[in-house]
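J.: One predicted model, sequence on top.
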There are 2 protein chains.
Amino acid sequence: MVSEPNGPRPTLEAVAARAGVSRATVSRVVNGGAGVRAAVQERVRQAVTELGYVPNSAARSLVTRRTGAVAVVIAEPETRVFSDPFFGRQLRGISRELAAADTQLLLMFVEHRADYDRIGRYLSAGHVDGALMFSLHRDDPLPAMAERAGLPTVYGGRPGWASAGRGPRPLYVDTDNRGGARQAVRHLLGRGRRRIAVITGPLDQTSAVDRLDGYREALGTAEPDPRLIADGGFTAAGGERAMTELLDAAPDLDAVFVCSDLMANGALRTLRARGRRVPEEVAVVGYDDLEPAAWADPPLTTVRQDVEEMGRLMARLLLRLLDPGKAAEAGAVELAPVITEARLVVRESG
Amino acid sequence: MVSEPNGPRPTLEAVAARAGVSRATVSRVVNGGAGVRAAVQERVRQAVTELGYVPNSAARSLVTRRTGAVAVVIAEPETRVFSDPFFGRQLRGISRELAAADTQLLLMFVEHRADYDRIGRYLSAGHVDGALMFSLHRDDPLPAMAERAGLPTVYGGRPGWASAGRGPRPLYVDTDNRGGARQAVRHLLGRGRRRIAVITGPLDQTSAVDRLDGYREALGTAEPDPRLIADGGFTAAGGERAMTELLDAAPDLDAVFVCSDLMANGALRTLRARGRRVPEEVAVVGYDDLEPAAWADPPLTTVRQDVEEMGRLMARLLLRLLDPGKAAEAGAVELAPVITEARLVVRESG
DNA sequence: ATCGGGACTGAGAGCGCTCTCATATCGTGC
DNA sequence: GCACGATATGAGAGCGCTCTCAGTCCCGAT
């Protein structure tokens, strides 16, 4: 069942024999055909299709030292990866861009401490040409591993050390989290809300911290009322819980800026359970503008970020890093961190 | 930036030299050490760690003809893949099982017709040892491609031709869709509902057809009132639309069996918009018991299937197919399709 | 006719590993 | 003390490809 139905796969040698040329020439044609007479190219191509020749990637990468594959590492607790469409969307963007460049996508989830070992080893083993890593938490050992292995890496979301000045300057794609949060809170202020709470993500991630900073900036105070701040951990259940805490600690709140749509859904559920009308009594603004925003009841005012495009940009950045030769090509990205725009989308919740 | 920081990676040769043995012996030790004296093994292992030796997978798979990687092919429109946690969950199960077997997971999405070519070529090129394919629609060309290439493949969801008698007998993992649907509808009947509608998935997928069949069986009629049947396409928006159609065509319905939780959420939204109280006026039962069931308002009565376990089983089946040697091992699955159990979970919606 | 040089093409040396087969080494039983 | 099988180890031949380097060929210039 595992055996080939048509005998062994044809090799370069076979194609060469059939086309009446040398292996080297076939190789040249297969790889673009530079410097081979058109007539000969034609003959070789003919032989290739007749024989159904497909290059053996193992042999090829043995000599080229390139695998044509990159790893996508997701080091996020299950709860978030699969309930929040965020990752899926980003993955889709990455997948599209990589497919266009004929590059394979190796997906790896990090769950346990033991996985770090396995994945670290894998990344160092030269199985992949580069890596894409997602929303790492503080002190994640993966970046150091990649660094040590000399593996070209692009991060999704600004890594914690990027601004700290220490360590190498990483390449990453992020949205303007701070700006987005500012827009959200200013909007609430503009609607006359005065007791605006915030449900944050886990504060060991820069995106969560940045959004909280944006909230602070919009309020114009570095030290907002701590009763108005709760951590929702970027999950729906967390949002629900955080909203409960907030209502208990600050019953007079008249708005809440929730740092992800998923958490906002949780918050809405709590508000409904507590009988607070949205937006009349409590205005709610989310963040992401993915499916959960559309499902929300009432439809969620939220901050849109083009998640798929972010994935695309990550992939493009990495591909560029892997093949500096393409630098001059049209549409080539610059080798620098990318910050994409965030834009408030006003709907009915706030 | 792409270069190794520590010079070239050490090879078997280097380890052999350091340990004072031959390449062959090192190879043996690295691959388990069968037939090598303990003392020598120790010496080799020592050299391996000292040098930080990692086998070159390209070289290895050049001779073994195995890549240690399998492809996971998802041929589903974006709308479903990323809004429904179903795939993510299954992927997680697959990923876990593969990681345990040190096998890599190559993720590929099929979106356009052109992708079929690319992926077909890829699968035939021997880059992967096997493939896992998801919920194919009728007439999908991928299975034939895999078959032609002699690529071991396991399907998620019973393929359409599996029961048709033609074609090879495929290996797949599916739940008891028909049984699950029967339980759901019987439950509604038991609660005194008499005008039970159904919102189906796309009927070119066996899972959708099977659930519809279960509905028919429970009702005890092969030809239910067509006004009570609508296709929701397995998406939230589709569920919303289908519910609208149903209410228009059969305003007297008193229950609806919705073939996925995601669609059920859509249906609930429509019901709320139309002012129908759930479950008092219309009872709603979903299918899947994933996140959307928990988010639903009111909490959804639904049919639970262990999606992650299904993913795990798929992976296990494929691994087994790839390595018949392991047949006798403990916990080894039998090489046959697996049907997992579906069980009704009663909550508040119906 | 001869030559320099550009354009093509082929020979051959590996890439790093596995695996077969031959060789070496070591007890045993007689 | 010797033959013998069993057990360990090494030598070497590839796996299929790329890439360098050395031709070969053909052209116009001399």
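T.: Sure, I can see it.

J.: first to last residue in stretch A:90-110, what's the distance?
T.: In stretch A:90-110, first residue to last residue: 17 Å (CA to CA, to the nearest Å).

J.: Name the residues of it that come out as buried.
T.: Within stretch A:90-110, the residues that qualify as buried are A:90-99, A:101, A:103-110, counting by 16 or more other CB atoms under 10 Å in any protein chain shown. Just so you know, the C-beta spots here come from the backbone N, C-alpha and C atoms, and that holds for glycine as well.

J.: Which of those fall within strands?
T.: Filtering those for membership in strands, criterion DSSP state E, returns A:104-109.

J.: pLDDT added to these, as TSV?
T.: Formatted as TSV, the entries for those read as follows, by pLDDT from 0 to 100:
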residue	pLDDT
A:Q104	92
A:L105	94
A:L106	94
A:L107	92
A:M108	91
A:F109	89
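
J.: so which pair among those is furthest apart in space?
T.: Maximum pairwise distance in these, criterion CB to CB, is 17.1 Å, between A:Q104 and A:F109.

J.: neighbours around the residue in the stretch 151-300 of chain A that DNA strand C sits nearest to, how many?
T.: Shortest the stretch 151-300 of chain A-to-DNA strand C distance, computed as CB to the nearest atom of the strand: residue-wise this is A:L151, at 17.0 Å. Number of residues near A:L151 (other CB atoms under 10 Å in any protein chain shown) recorded here: 19.

J.: Kindly confirm whether my reading is correct that it touches A:G130.
T.: Yes - with contacts defined as CB atoms under 8 Å, A:L151 counts as touching A:G130 at a distance of 6.3 Å.

J.: anything in whichever strand or helix holds A:A24 sitting right up against chain B?
T.: Counting by DSSP states H and E, the element that carries A:A24 is helix A:23-30. No - on the criterion CB under 8 Å from any CB of the partner chain, helix A:23-30 is out of touch with chain B, staying 12.5 Å away.

J.: Model confidence score at A:L290, please.
T.: Looking at A:L290, its pLDDT reads 88.

J.: For it, give me its contacts.
T.: A:84-86, A:89, A:261, A:307 (CB atoms under 8 Å, 6 or more residues apart in numbering or on different chains).

J.: on that earlier part again, and the helix holding A:A24, what's buried?
T.: Under 16+ other CB under 10 Å, the buried positions of helix A:23-30 are A:25-26, A:28-30.

J.: mean confidence for it?
T.: 92.

J.: how about stretch A:138-154: buried residues?
T.: The neighbour-count check on stretch A:138-154 (16+ other CB under 10 Å) flags A:140, A:142-143, A:145-146, A:149, A:151-154 as buried.

J.: Quick one: mean pLDDT over whichever strand or helix holds A:A264.
T.: With elements delineated by DSSP H and E, A:A264 resides in helix A:261-273, which encompasses its position. The pLDDT scores in helix A:261-273 average 93.

J.: Name the next helix or strand following it along the chain.
T.: Using DSSP H and E, the next helix or strand after helix A:261-273 towards the C-terminus is strand A:283-288.

J.: Checking my notes, A:R178 in a helix, right?
T.: Yes - assigned with DSSP: H, G, I helix; E, B strand; the rest coil, A:R178 falls within a helix.

J.: which non-adjacent residue is nearest it?
T.: Closest residue to A:R178 in three dimensions, ignoring its sequence neighbours and counting by CB to CB, 6 or more residues apart in numbering or on different chains: A:G214, at 4.0 Å.

J.: Can you check the pLDDT for that neighbour?
T.: Looking at A:G214, its pLDDT stands at 97.

J.: Isn't it up against A:V185?
T.: Yes - here A:G214 lies in contact with A:V185, judged by CB under 8 Å, at a distance of 7.0 Å.

J.: what subset of the buried residues of helix A:23-30 is also close to DNA strand C?
T.: When these are filtered against DNA strand C using CB under 7 Å from any atom of the strand, the residues retained are A:25, A:28.

J.: What is the nearest of the buried residues of helix A:23-30 to chain B?
T.: Closest approach between the buried residues of helix A:23-30 and chain B, by CB to the nearest CB: A:V30, at 12.5 Å.

J.: is it true that the closest one touches A:V48?
T.: Yes - contact criterion CB under 8 Å: A:V30 and A:V48 qualify, at 7.1 Å.

J.: Check for me that A:V40 belongs to a helix.
T.: Yes - counting by three-state DSSP, A:V40 falls inside a helix.

J.: where exactly do the strands run in the stretch 1-150 of chain A?
T.: A:69-74, A:104-109, A:130-134 (DSSP state E, counting those that start in this stretch).

J.: Save the ones you listed as a markdown table, and put in distance to A:L219 too.
T.: Written out in a markdown table, the entries for these read as follows (distance: least, CB to CB, whole Å):
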| stretch | distance to A:L219 |
| --- | --- |
| strand A:69-74 | 33 |
| strand A:104-109 | 38 |
| strand A:130-134 | 30 |
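
J.: Tell me the residues on chain A that lie near DNA strand C, please.
T.: Residues of chain A lying near DNA strand C (CB under 7 Å from any atom of the strand): A:20-25, A:28, A:35-37, A:40, A:59, A:62-63.

J.: Grab the two from those residues that are most spread out in space.
T.: The largest separation in these, counting by CB to CB, is between A:R37 and A:L62 at 29.0 Å.

J.: ok, the two, which is more surrounded?
T.: More neighbours surround A:L62 than the other of A:R37 and A:L62, with 17 against 10 (other CB under 10 Å).

J.: what sits against the closest residue to A:R193 other than its chain neighbours?
T.: Counting by CB to CB, 6+ apart, A:R193 lies nearest to A:A255, which is 3.8 Å off, once chain neighbours are set aside. Under the criterion of CB under 8 Å, 6+ apart, the contact partners of A:A255 comprise A:188, A:191, A:193, A:195-197, A:282-285, A:350.

J.: Ramachandran angles for A:A255?
T.: Main-chain dihedrals, A:A255, degrees, to the nearest 10: phi -160, psi 160.

J.: which residues does it form a beta bridge with?
T.: Taking DSSP bridges, one obtains A:I196, A:A283 as the residues bridged to A:A255.
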